[in-house]
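# output the structure for:
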Amino acid sequence: MVGDPTEILNRWYKRDEAQKRSTFFFSSTSLAGAFGGLFATAIGKMGGVAGYSSWRWIFIIGGFIFLACHLLSRMTNHWHRGSRHCCDVGFPILCHF
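Numbers count the residues shown, from 1 in each chain. Here you go, the predicted model:
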């Protein structure tokens, strides 16, 4: 797990830029692990809210988070449009969007 993100970051960024992004990546995974249990407990106590059991709330909240992230990335991420670099490094599907 450690080698893959590091290799990808080192291919795209200079050394000082890659260190900052690597620090952010691994710090965010630690924070996600720390707050994951807290969120799971909160969702587990939502049983009966609006007539849904707690296991359904996991899918409802996860779906909304996924949808929000997807819409945000589609609105803000246009780095691949018109870029021939994506076609050259093995992402030809991105050349058609």
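
# what count of nearby residues applies to Trp57?
Other residues near Trp57 number 19, with proximity taken as other CB atoms under 10 Å. Heads up, the C-betas are built off the backbone N, CA and C, glycines and all.

# that one is in contact with Val49, isn't it?
Yes: under the contact definition of CB atoms under 8 Å, Trp57 touches Val49, with a separation of 7.1 Å.

# for Leu31, give its distance to Ile61.
Computed as CB to CB, to the nearest Å, the Leu31 to Ile61 distance reads 18 Å.

# just give me the residue right at the centre of this protein.
Closest to where the C-alpha atoms of the chain average out (CA atoms, centre = their mean) is Cys69, at 7.8 Å.

# buried residues in the strand or helix carrying it?
Per DSSP states H and E: Cys69 is located in helix 54-76. Residues of helix 54-76 classed as buried: Trp57 (neighbour count, 16 or more other CB atoms under 10 Å).

# cool, stretch 40-51 as well?
Buried residues in stretch 40-51, defined by neighbour count with 16+ other CB under 10 Å: Ile43, Met46.

# span of that stretch from start to end?
In terms of CA to CA, to the nearest Å, the two terminal residues of stretch 40-51 are separated by 19 Å.

# hang on, the earlier thing: check the gap between the residue nearest to the centre of the chain and Pro5 for me.
Computed with CB to CB, the distance linking Cys69 and Pro5 is 18 Å.

# Gly63 now?
Counting by CB to CB, the gap from Gly63 to Pro5 is 26 Å.

# tell me what the longest helix along the chain is packed against?
The longest helix of the chain (DSSP state H) is helix 15-44. Using 3 or more CB pairs under 8 Å, 6 or more residues apart in numbering; DSSP states H and E as the contact test, the elements touching helix 15-44 are helix 3-12, helix 54-76.

# can you tell me which of these the model trusts least?
Summarising mean pLDDT across those, the least confident stretch is helix 3-12, with a mean of 78.

# only C-alpha atoms, please: export that helix in PDB.
Backbone C-alpha positions of helix 3-12 (Å, rounded to 0.1, in the frame of the first residue of the first chain) are rendered in PDB as follows:
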ATOM      1  CA  GLY A   3       4.700   2.000  -2.400                       C
ATOM      2  CA  ASP A   4       1.900   2.600  -4.900                       C
ATOM      3  CA  PRO A   5       0.800   6.100  -3.800                       C
ATOM      4  CA  THR A   6       4.400   7.100  -3.400                       C
ATOM      5  CA  GLU A   7       5.300   6.000  -6.900                       C
ATOM      6  CA  ILE A   8       2.400   7.800  -8.400                       C
ATOM      7  CA  LEU A   9       3.200  11.000  -6.500                       C
ATOM      8  CA  ASN A  10       6.800  10.900  -7.500                       C
ATOM      9  CA  ARG A  11       5.900  10.400 -11.200                       C
ATOM     10  CA  TRP A  12       3.700  13.500 -11.300                       C
END
